[in-house]
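# sequence first, predicted coordinates after that:
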Amino acid sequence: MSELVIIGAGPAGLAASIAARECGLKVTLIDEFIKPGGRLLGQLYQERDGTWWNGIKETDKLVAQAEKLGVEITCGISVYHLNKHEHGWLVHTNHGSMQAPYVLLATGAAEYHVPMPGWTLPGVMSVGAAQVMTNVHRVKVGKKGMIIGANILSFAIMHELQLADLNIACMVLPPKNEISKSAAKPMEVMKSLLRASHLAPSPILRFGSRLLINESLCKLALRFLPKKGMSVWGIPIHLRKAAIEIVGNQQVEGVKVVDITMDGEPIKGTEEIVQVDFVCISGGLYPLAELAAVAGCPFHYIPELGGHIPQHNERMETPLKGLYVAGNITGIEGAKVAIAQGFVAGYSIAEHTGASRETAKRKLEEAMKNVKDIREKAIIQFYPNVKENRDKLYGAYQCI
């Protein structure tokens with residue numbers, strides 16, 4: 001029997017398995033995908049120093065290290081239930097049940113869906129699905145496409161798709177409705193993109209990032225954006241246009257877009273159809289925390305971290321004895337933070353079991369400091385004021 005079962009073999013789960021095994025724990029790492037790596041597999045972007053962050057290579061390093069230490073990694077395993085047992089936790093999967101005194105949930109994040117007319121046509125996919133198809137499975141999803149939804153996630157993946165030689169016609173906003181909310185408001189979208197101005201060679205974004213401190217100047221900049229959109233990597237980004245319908249008979253043939261006001265309202269008479277054969281919809285990410293809810297873990301609702309977050313402390317402990325969390329289930333951040341959190345969770349569990357206590361304690365302190373350092377230097381930040389909201393979350397932690 002394993003001492004620790006880790007659910008999710010993404011960056012956080014892999015890192016945690018390495019940390020726990022370093023301290024002598026017997027670890028089983030499971031994931032429902034066909035291979036370990038999670039969302040890390042699809043990532044490819046350029047660092048500030050010009051080097052490239054390649055998710056597949058980073059995954060290979062982590063997997064090799066875990067396997068060398070003797071971590072048991074099994075893919076194709078789906079977990080549908082998790083409940084407390086007198087000797088620990090019972091993890092129920094499609095391949096039977098397993099028992100362990102400690103369980104780490106490293107289930108990551110899922111994408112918000114933004115429905116609109118025509119979104120069930122073949123050729124419509126989430127932006128994350130396009131990333132996986134392109135970077136992981138090496139499948140070209142179409143000849144010419146459009147991205148609906150302008151946020152940090154779609155911003156980063158747009159460049160990855162372009163690097164894979166996909167023709168992206170443009171990026172527009174989603175239609176304004178109860179689901180899209182602020183994602184359909186040009187002002188809110190512009191603010192979020194300006195926080196990522198360092199990612200793109202766009203003079204407008206670089207100049208615009210200086211306007212964040214002045215609401216009036218930001219509105220003025222948005223009002224006078226070029227009709228052709230602002231160019232990022234040669235792709236037009238339209239913050240004053242929204243998609244209102246995806247059109248086609250048997251598959252995607254185009255997208256009907258319309259000019260919008262500063263509040264995101266459509267302007268009548270400005271409708272046009274942009275011909276494309278695939279569409280990527282991006283509504284952002286939220287923590288994939290259903291298993292924590294099934295286990296009975298209390299939650300906090302923190303929109304600035306992505307939504308409903310399982311209650312936990314800086315050591316990645318939940319109030320439920322033996323249950324830990326790490327990675328995007330704890331709030332939406334980048335893969336580097338997830339890896340750092342995974343090491344914290346692994347050492348935290350090891351210290352609690354008494355395995356290599358002094359070593360685990362020392363490494364845990366180093367790992368917790370590393371999380372803060374990496375968070376501060378992160379090139380991709382999905383939400384502002386992450387540190388402040390993390391402090392709020394940790395301050396509200398209570399044992400049951």
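Thanks, I have the structure now. Residues are numbered from 1 along each chain as shown.
# mind giving me the domain ranges of this structure?
Domain segmentation of the chain under automatic domain parsing yields 4-110+285-395, 113-281.
# under the pLDDT cut-off, which ranges of the stretch 251-400 of the chain? List them.
Counting by pLDDT under 70, the ranges of the stretch 251-400 of the chain that qualify are 399-400.
# where along it do the strands fall?
For the stretch 251-400 of the chain, the strands defined by DSSP state E, counting those that start in this stretch cover 254-259, 272-274, 278-281, 285-287, 299-302, 307-310, 323-325.
# now render those as CSV, adding distance to Ala338.
Every C-beta, even on glycine, is put in place using the N, C-alpha and C of the backbone. Below are the strands of the stretch 251-400 of the chain laid out as CSV (distance: least, C-beta to C-beta, whole Å):
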stretch, distance to Ala338
strand 254-259, 33
strand 272-274, 36
strand 278-281, 23
strand 285-287, 11
strand 299-302, 17
strand 307-310, 14
strand 323-325, 11
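# spatially nearest residue to Lys144, not counting backbone neighbours?
Leaving aside its sequence neighbours, Lys144 sits nearest to Asn167 (C-beta to C-beta, 6 or more residues apart in numbering; 4.5 Å).
# got a list of what that neighbour touches?
Residues near Asn167 by C-beta atoms under 8 Å, 6 or more residues apart in numbering: 143-145.
# circling back: pick the most deeply packed of the domains of the chain.
domain 4-110+285-395 (a mean of 20; mean count of other C-beta atoms under 10 Å).
# mind checking the longest helix of the protein?
Ordering each helix of the chain by length in residues (DSSP state H) puts helix 357-377 first.
# with just CA atoms, put that helix into PDB.
This file holds the C-alpha atoms of helix 357-377, laid out as PDB (Å, rounded to 0.1, in the frame of the first residue of the first chain):
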ATOM      1  CA  ARG A 357      12.000  14.800   9.400                       C
ATOM      2  CA  GLU A 358      15.000  17.100   9.600                       C
ATOM      3  CA  THR A 359      15.600  16.900   5.900                       C
ATOM      4  CA  ALA A 360      11.900  17.400   5.100                       C
ATOM      5  CA  LYS A 361      11.600  20.300   7.400                       C
ATOM      6  CA  ARG A 362      14.700  22.100   5.900                       C
ATOM      7  CA  LYS A 363      13.600  21.500   2.400                       C
ATOM      8  CA  LEU A 364      10.000  22.500   3.200                       C
ATOM      9  CA  GLU A 365      11.200  25.900   4.400                       C
ATOM     10  CA  GLU A 366      13.300  26.300   1.200                       C
ATOM     11  CA  ALA A 367      10.400  25.200  -1.000                       C
ATOM     12  CA  MET A 368       7.900  27.700   0.600                       C
ATOM     13  CA  LYS A 369      10.400  30.500   0.100                       C
ATOM     14  CA  ASN A 370      10.900  29.400  -3.500                       C
ATOM     15  CA  VAL A 371       7.100  29.600  -4.200                       C
ATOM     16  CA  LYS A 372       7.200  33.300  -3.200                       C
ATOM     17  CA  ASP A 373      10.200  34.000  -5.300                       C
ATOM     18  CA  ILE A 374       8.800  32.300  -8.400                       C
ATOM     19  CA  ARG A 375       5.400  34.000  -8.000                       C
ATOM     20  CA  GLU A 376       7.100  37.400  -7.900                       C
ATOM     21  CA  LYS A 377       9.100  36.800 -11.000                       C
END
